[in-house]
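A.B. asks: My questions are about this predicted structure, shown below with the sequence.
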There are 2 protein chains.
Amino acid sequence: MKQQVKIGMLGLGTVGSGVVQVFRENGEELEKRTGLPIHIKSIVVRDLEKERLVDVPTELLTTDAQAVVNDPDIDIIVEVMGGIEGTKDLLLTAFRNRKSVVTANKDLIAEHGDELTFAATENGCDFLYEASVGGGIPIIRPLRKDLAGNRINEVMGIVNGTTNFILTRMSQLGVSFEDALKEAQELGYAEANPASDVEGWDAGRKIAIVASLAFNSRVNFPDVDVEGITSITSTDIEHAKQLGYAIKLIGSAQEKDTGKISAQVFPALVPLAHPLASVNGAYNAIFVRGNAIGEAMFLGLGAGQLPTASAVVGDIVEAVRNFHAGTRGKFLVDCYAKKEVQSALENHHQFYLRLEVADKAGVLAAIAGTMGEHGVSIETMFQKWAYNQTAEIVVITHKVREGDMRDALNELGDMEQVKAIRQTLRVVN
Amino acid sequence: MKQQVKIGMLGLGTVGSGVVQVFRENGEELEKRTGLPIHIKSIVVRDLEKERLVDVPTELLTTDAQAVVNDPDIDIIVEVMGGIEGTKDLLLTAFRNRKSVVTANKDLIAEHGDELTFAATENGCDFLYEASVGGGIPIIRPLRKDLAGNRINEVMGIVNGTTNFILTRMSQLGVSFEDALKEAQELGYAEANPASDVEGWDAGRKIAIVASLAFNSRVNFPDVDVEGITSITSTDIEHAKQLGYAIKLIGSAQEKDTGKISAQVFPALVPLAHPLASVNGAYNAIFVRGNAIGEAMFLGLGAGQLPTASAVVGDIVEAVRNFHAGTRGKFLVDCYAKKEVQSALENHHQFYLRLEVADKAGVLAAIAGTMGEHGVSIETMFQKWAYNQTAEIVVITHKVREGDMRDALNELGDMEQVKAIRQTLRVVN
């Protein structure tokens, strides 16, 4: 039996520093909880001279990632440096060397989850990635274990803290998307290049990961239909508020009665009484619906140094316990099924539309008629303002097939009376 | 390696029937997720003739619990019959026979958790009880695993669905405690003898269980300071609403900076903006605060046939996976520390008081003076009504030591100007 466990870390950025800090503060407890002393032996960094968020003995630092994943003395690789192809190769080498891997890298899993899982299983190693979704919030392990008695039919929620912060500030202060983004960047919530967050890609990757575990069938990032929040204006937020809704970036994955999977990310109107409407700032919240549990919600900080480190260290604890008990590399068969991912066009949603139309008699009737021809029936339709022969109208539809809605939108766009389709958003109930 | 796993169930009431139903509906998935076929071999019932909530082949039923826990053919005992001493003896026999045990029995664990855990460890068996707290909501496994990187300093929330239903109905309809209890009984949410729920004992047992796991030190039911909801009147609910609060039965366990543990259950005023204030009906919600994760909340149905069965079957999946991998009975050292449980008198809370006092000049000053002598300072104090020389006043204090508050209350009770202390509730922030 092992006398201690040695960790090689790839990366010492925000999350990596958090991991070091948690070991420093809780190390004694961690040894009691795992039965083994845990030592960080090496930390791979790009620049040995750079100032760090935590004090680390310089002899731990190295720029040689290959040496670390090939070091026979190291038992567990903790990957918190990001990156896809190069990082994948390093982790595959780690698995070949029979090291367990803990990672927070959602981009990597959402693209190469199957290949990495297969390599871990082949080599009898653990491959754990709780931190890849929802920061510190437990969601990966609950899907794999706590909810394993269920047939899960939906996972849905707010899985990106940056966009949630931006939308929260737009709603609180009435500022534009651009101003809220700038504030998020100043506070370190958004990166200099914010595309991954604001275009919904980050949320899409997380939804791919949880969908794979919920439905036991691999969903990759390209399978997810993704729409970001860059088109959201303070006008939309204001209209939504008046109608009794908040606007949130929602990730949603469902297994349909047909056995097909749907996975989407989109900004949506959420009723103010819905628990997600009051999830603000950097918080994430994820609903899981299953045929036994009914529904459960998991809420917490979806990002940040220590919350994410909490999930990483929780995974390290599991990996170390498995070393202690000699039980590594068991039960990785998450995706034993092969289910088809259906086009988002087949999903049914309510829609919110904001149009600028000619301000004259018969226009509303013409618009309703065009939509009706595509099977889109209207729940609410009203005029917000009229000025200079133009009127702004807001439409909320009944639940319709998304493909029919898109067809209707195409035809609306061609109508002479419709001057502009300013916004199209889904409505969540 | 085993070819299949056989289950012996003790009990076929609400939860037991739910477990059978989940196996019937999800059995194929469960086999894929565990790697082994799972068969229910025997079900112990008290009355072979009684009509059941699910159809079960009569040859599975038996009244002989001893035969089942001694059956060498059975691998896992699923205990869903309740009871304490007799049930404990059955489970100890099961452990001696090297069977893993899954149970939903909070009463048993809150009284004999250490003895059962010790027996399981001694015999290399699994002892799993996710269903004992929060129905289907994952909380036991998250405390043991997902949050194992944290030093947890607080677990707090709504852990009893029956009282939450009663308080919700009192608030929604303005009815009395008695009427809301009657409705709960008619709907099957409360038992004919509701004491365990309405006196707070059920919540107290659950808090004992989660405190033991959160702080790694055994907390038993008698260690928990428990107060129920029987004294709550519609007047209190109405006053609370006007002040911007809901009244909820709160369970709370904390590890203080001193290293001592406090565990309490009490009805409390919760600000309407607090996430717990909108947890209504049969829902439960549990906050966990730790030094890495910050805070996380888990929400879902805290009781009911299928939600509770979801947790039981999740545990069965883990037990079966461990049979499959030959990894049973690992990592049961939850309570490796011995921390002192401090008296509730040492806790600090804000308090809400409702008093009937003599309606004359100087009374408020006298009351404030008496409280001040005990170090209880007042945040808000106002008169609700005056009639027939009596005035009702409501007081909200600043945060004070509970012992000081109780001393102040004793002295208030002796004051001539105080006709009655109608209510004393804590305020949660």
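C.D. replies: Alright, I've got the coordinates. Residues are numbered from 1 along each chain as shown, chains lettered A, B, ... in the order given.

A.B. asks: give me every residue that touches A:Lys419.
C.D. replies: A:355-358, A:390 (CB atoms under 8 Å, 6 or more residues apart in numbering or on different chains). Yep, even glycine has a C-beta here, placed from its N, CA and C like the rest.

A.B. asks: Can you flag the buried ones in the residues you listed?
C.D. replies: Using 16 or more other CB atoms under 10 Å in any protein chain shown as the burial test, the contacts of A:Lys419 include A:355-358 as buried.

A.B. asks: Next one, pLDDT for A:Pro275 please.
C.D. replies: As predicted, A:Pro275 sits at a pLDDT of 88.

A.B. asks: how much space is there between it and chain B?
C.D. replies: From A:Pro275 over to chain B the distance is 7 Å, taken as CB to the nearest CB, to the nearest Å.

A.B. asks: coming back round to it: so which of the contacts of A:Lys419 is the closest to B:Arg328?
C.D. replies: Minimum separation from B:Arg328 among those (CB to CB) is found for A:Leu355, which lies at 63.4 Å.

A.B. asks: need the contact list for whatever residue of the stretch 1-150 of chain A ends up closest to chain B.
C.D. replies: Among all residues of the stretch 1-150 of chain A, A:Gly149 sits closest to chain B, at 2.9 Å; criterion: CB to the nearest CB. Contacts of A:Gly149 were listed using CB under 8 Å, 6+ apart, and they are A:292, B:22, B:26, B:30, B:309-314, B:316-317.

A.B. asks: okay, now the domains of chain A?
C.D. replies: Domains of chain A are assigned by automatic domain parsing as A:5-133+A:305-325, A:140-301, A:347-427.

A.B. asks: Identify whichever of these lies nearest to B:Ala192.
C.D. replies: domain A:140-301 (25.6 Å).

A.B. asks: quick one: stretch A:301-312 to chain centroid distance?
C.D. replies: Mean-position distance between stretch A:301-312 and its chain equals 14 Å (CA atoms, centre = their mean, to the nearest Å).

A.B. asks: and what of stretch A:316-332?
C.D. replies: Mean-position distance between stretch A:316-332 and its chain equals 26 Å (CA atoms, centre = their mean).

A.B. asks: Give me the contact list for that stretch.
C.D. replies: Residues from elsewhere that reach stretch A:316-332 (CB under 8 Å, 6+ apart): A:1-2, A:5, A:7, A:19, A:30, A:33-36, A:38, A:75-76, A:78, A:100, A:102, A:117, A:120-121, A:123-128, A:144, B:35, B:145, B:148-149, B:321, B:324-325, B:327, B:330-331.

A.B. asks: Grab the nearest non-local neighbour of A:Phe127.
C.D. replies: A:Ala120 (3.6 Å; CB to CB, 6 or more residues apart in numbering or on different chains).

A.B. asks: what sits against that neighbour?
C.D. replies: For A:Ala120, the contact set (CB under 8 Å, 6+ apart) comprises A:95, A:100-101, A:126-127, A:329, A:332.

A.B. asks: returning to what we had before: next one: phi and psi at the residue of the stretch 1-150 of chain A closest to chain B?
C.D. replies: Dihedral angles phi and psi of A:Gly149 (degrees, to the nearest 10) take the values phi -80, psi -10.

A.B. asks: wait, what's in contact with the residue lying farthest from the centre of chain A?
C.D. replies: Going by CA atoms, centre = their mean, the residue of chain A most distant from its centre is A:Ala361, 45.6 Å out. The contact partners of A:Ala361, by CB under 8 Å, 6+ apart, come to none.

A.B. asks: Just say helix, strand or coil for it.
C.D. replies: coil (DSSP: H, G, I helix; E, B strand; the rest coil).

A.B. asks: And for A:Tyr189?
C.D. replies: Of the three states, A:Tyr189 takes coil under three-state DSSP.

A.B. asks: what's the spacing between it and chain B?
C.D. replies: On the measure of CB to the nearest CB, A:Tyr189 and chain B end up 15 Å apart.

A.B. asks: Test my guess that that residue contacts A:Gly161.
C.D. replies: Yes. Using CB atoms under 8 Å, A:Tyr189 makes contact with A:Gly161 at a distance of 6.9 Å.

A.B. asks: Those two: which has the busier surroundings?
C.D. replies: A:Gly161 (26 against 22; other CB atoms under 10 Å in any protein chain shown).

A.B. asks: That one against A:Asn284, yeah?
C.D. replies: Yes. If you go by CB under 8 Å, A:Gly161 and A:Asn284 touch, sitting 5.9 Å apart.

A.B. asks: so what sits against both of those two?
C.D. replies: Joint contacts of A:Gly161 and A:Asn284 (CB under 8 Å, 6+ apart) are A:135, A:301-303.

A.B. asks: Between all of these, which two are at the greatest distance?
C.D. replies: Taking CB to CB, the two most distant members of the shared contacts of A:Gly161 and A:Asn284 are A:Leu301 and A:Ala303; they sit 6.7 Å apart.
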